[in-house]
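Chemist: dropping a prediction and its sequence here:
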Amino acid sequence: QVDLVESGGKLVQTGGSLRLSCVASGRTGSTYGMAWFRQAPGKEREFVAGITAGGDTIDYADSVKGRFTISRDSAKRSIYLQMSNLKPEDTAIYYCASDSVYFKASLRAGKMAHWGQGTQVTVSS
């Protein structure tokens, strides 16, 4: 079992920046691949960014490339999402997820073994 706890979500203005954090506890082997997803009101959950254990593979959704940066601190069992130039369309609940594998197809489909409870990000216009 893996527990994932997100933090850092809040209300920010358009153009602002925000850093989300996710801390994992439990089975280390189930956190090889970690990722951020988001779900906006009335929309399906979507992939935002993913990273492998060593940080050697990183992927982003086209909608956030150049604005968001995912990083990882294995010693702290944490991943982060640095978000800049935020837009109202970035408003969503952001979820941290993990799995013992890292397959891009699975990421895109949202097929991850473990999920956090989410943290709300609201970008005002």
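Modeler: Now that the structure is in, tell me what you want to look at.

Chemist: any idea how far Ala35 is from the closest residue to Gly110 other than its chain neighbours?
Modeler: Of all residues not flanking Gly110 in the chain, Arg45 sits nearest, at 5.6 Å (Cβ to Cβ, 6 or more residues apart in numbering). Glycine gets a C-beta too; all of them are placed from N, C-alpha and C. To Ala35, Arg45 is 11 Å away according to Cβ to Cβ, to the nearest Å.

Chemist: what about Ala105, neighbour count?
Modeler: 7 (other Cβ atoms under 10 Å).

Chemist: that one in helix, strand or coil?
Modeler: helix (DSSP: H, G, I helix; E, B strand; the rest coil).

Chemist: what distance do you get for it to Ile93?
Modeler: Distance from Ala105 to Ile93, by Cβ to Cβ: 24 Å.

Chemist: all helices of this protein, in order?
Modeler: 104-109 (DSSP state H).

Chemist: show me what contacts Ala53?
Modeler: Residues counted as contacts of Ala53 (Cβ atoms under 8 Å, 6 or more residues apart in numbering) are Thr31, Tyr32, Gly33, Arg72, Ser74.

Chemist: from Met34, how far off is it?
Modeler: 8 Å.

Chemist: out of the contacts of Ala53, who's the most crowded?
Modeler: Going by other Cβ under 10 Å, Thr31 tops the contacts of Ala53 with 25 neighbours.

Chemist: nearest residue to that residue other than its sequence neighbours?
Modeler: Ser98 (4.4 Å).

Chemist: lowest-confidence helix or strand of the chain?
Modeler: Least confident helix or strand, the chain: helix 104-109 with a mean of 89, by mean pLDDT, DSSP states H and E.

Chemist: Ala61 against Arg38, yeah?
Modeler: No: the pair Ala61 / Arg38 is not scored as a contact, 9.0 Å apart, by Cβ atoms under 8 Å.

Chemist: now do the shared contacts for those two.
Modeler: Glu46, Val48.

Chemist: find the nearest non-adjacent residue to Thr57, please.
Modeler: The nearest residue in space to Thr57 (Cβ to Cβ, 6+ apart) is Tyr102, at 6.4 Å.

Chemist: roughly how far does the one you found sit from Val23?
Modeler: 19 Å.
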